[in-house]
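J.: missing the sequence, but the structure's below:
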């Protein structure tokens, strides 16, 4: 197999298993170094077995490259064999896509094309790219100008990847007054708008409730992202849930046709089970998403599906079990 493909697939399996970031980056960096060589340079390096002389390629990645010329590298075979299914139940099988993902245009670690080719390889019919909005500067949020440029890139990739479809989107910040952090006319052009709170997460209950109600009632919002903002594990530490009137917010979601996200990231597991059950009882729609920031994280959707199934969420109430045509009709596009 192609050495850079082998290296990227190793990075995928490591990410999927939640390996340390530096290990993943080593394989992805080596893939980029290899891909940047001309055919003549690759052949010369192969004959001389001089891969380790290249900056960014170490002994293990050099061995992967060398073995790729003769078949599937041993380490890749090992990772494939060790991989355990993640939430492979009926709900995961019913999903047709993922509606919350990030690329290196904001705070993700991989190019759009690599993210979307992996989504297609996982069997998705579609995947929404939802990079951050401008005020989230720590995440390199997209200005209106950058977002418009991204839409052109997506149009080109859709022509290449069809019938798989990249849905245009954004994870837009819910500002303190409940307004959305992006040009309203530009939001109207997007397929999917995920709205999330990323600042002042410890606001008092009434203020947070007003803020979230304004956002979920906005006709441009399709999905309420990771509603409590909690973190339950991981390198960033833990963070308690934001305080808000969940019953009022979920009732507004139902009335406005805004889906409640079940965020599949292991460090979020948001909403907690009691709130998934409340939203279920209030007849809300759901979206089960990965919030993936790297290709390997796209496989985490099964974690969210497991939690949804345990909470009695039925597949027909999960919007990303719908066809792209039905989904976009529901979203008003």
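T.: Cool, got the structure. Worth saying up front: this structure is predicted, and the values here are computed from it rather than measured.
J.: check contacts around residue 306.
T.: By CB atoms under 8 Å, 6 or more residues apart in numbering, the contact set of residue 306 is 87, 89. In this view, the C-beta of every residue, glycine as well, is placed from N, C-alpha and C.
J.: host element of it?
T.: Using DSSP states H and E, the element containing residue 306 is helix 301-310.
J.: show me what the mean pLDDT comes to for that helix.
T.: Mean pLDDT, helix 301-310: 97.
J.: buried set for that helix?
T.: Within helix 301-310, the residues that count as buried by 16 or more other CB atoms under 10 Å are 301-309.
J.: again with stretch 27-39
T.: Buried, per 16+ other CB under 10 Å, within stretch 27-39: 27-31, 33-34, 37.
J.: out of the residues you listed, which is nearest to residue 237?
T.: Taking CB to CB as the measure, residue 237 sits nearest to residue 28 out of the buried residues of stretch 27-39, at 25.6 Å.
J.: measure the closest one to residue 260 for me?
T.: 33 Å (CB to CB, to the nearest Å).
J.: cool, and residue 288?
T.: 10 Å.
J.: same question, residue 319
T.: The spacing between residue 319 and residue 260, counted by CB to CB, is 10 Å.
J.: any common contacting residues for the two?
T.: Joint contacts of residue 319 and residue 260 (CB under 8 Å, 6+ apart) are 223, 285-287.
J.: and the lengthiest strand in the chain, what does it pack against?
T.: Of all segments of type strand in the chain, defined using DSSP state E, the longest is strand 165-173. Where contact means 3 or more CB pairs under 8 Å, 6 or more residues apart in numbering; DSSP states H and E, strand 165-173 is packed against strand 126-129, helix 144-161, helix 184-189, strand 192-196, helix 324-331.
J.: off-centre distance for it?
T.: 10 Å (CA atoms, centre = their mean, to the nearest Å).
J.: ok, residue 319 and residue 260, which is more surrounded?
T.: Set residue 319 next to residue 260 and count neighbours by other CB atoms under 10 Å: residue 260 wins out with 27 against 23.
J.: where does that one fall, helix, sheet strand or coil?
T.: Judged by DSSP: H, G, I helix; E, B strand; the rest coil, the three-state class of residue 260 is strand.
J.: tell me how far the nearest residue to residue 72 once chain neighbours are set aside lies from residue 80.
T.: With sequence-adjacent residues excluded and distances taken as CB to CB, 6 or more residues apart in numbering, residue 72 is closest to residue 1, at 6.0 Å. Note on residue 1: its distance to residue 80, by CB to CB, is 12 Å.
J.: and for residue 120?
T.: 19 Å.
J.: on that earlier part again, can you redo the shared contacts of residue 319 and residue 260 as a markdown table with secondary structure?
T.: Below are the shared contacts of residue 319 and residue 260 laid out as a markdown table (three-state DSSP):
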| residue | secondary structure |
| --- | --- |
| 223 | strand |
| 285 | coil |
| 286 | strand |
| 287 | strand |
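J.: in CSV: those, plus distance to residue 171.
T.: Formatted as CSV, the shared contacts of residue 319 and residue 260 follow (distance: CB to CB, whole Å):
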residue, distance to residue 171
223, 9
285, 18
286, 17
287, 12
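J.: ok, of those, which one's closest to residue 8?
T.: For these, the nearest to residue 8 is residue 287 (27.6 Å; CB to CB).
J.: need the contact list for the nearest residue to the closest one once chain neighbours are set aside.
T.: If the residues on either side of it in the chain are set aside, residue 287 comes closest to residue 259, at 4.4 Å by CB to CB, 6+ apart. Counting by CB under 8 Å, 6+ apart, residue 259 touches 222-224, 253, 284-287, 319.
J.: I'd like those residues as JSON lines, with pLDDT and distance to residue 168 appended.
T.: Listed next are these as JSON lines, based on pLDDT from 0 to 100; distance: CB to CB, whole Å:
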{"residue": "222", "pLDDT": "98", "distance to residue 168": "12"}
{"residue": "223", "pLDDT": "98", "distance to residue 168": "14"}
{"residue": "224", "pLDDT": "98", "distance to residue 168": "19"}
{"residue": "253", "pLDDT": "98", "distance to residue 168": "22"}
{"residue": "284", "pLDDT": "98", "distance to residue 168": "24"}
{"residue": "285", "pLDDT": "98", "distance to residue 168": "20"}
{"residue": "286", "pLDDT": "98", "distance to residue 168": "21"}
{"residue": "287", "pLDDT": "98", "distance to residue 168": "16"}
{"residue": "319", "pLDDT": "98", "distance to residue 168": "16"}
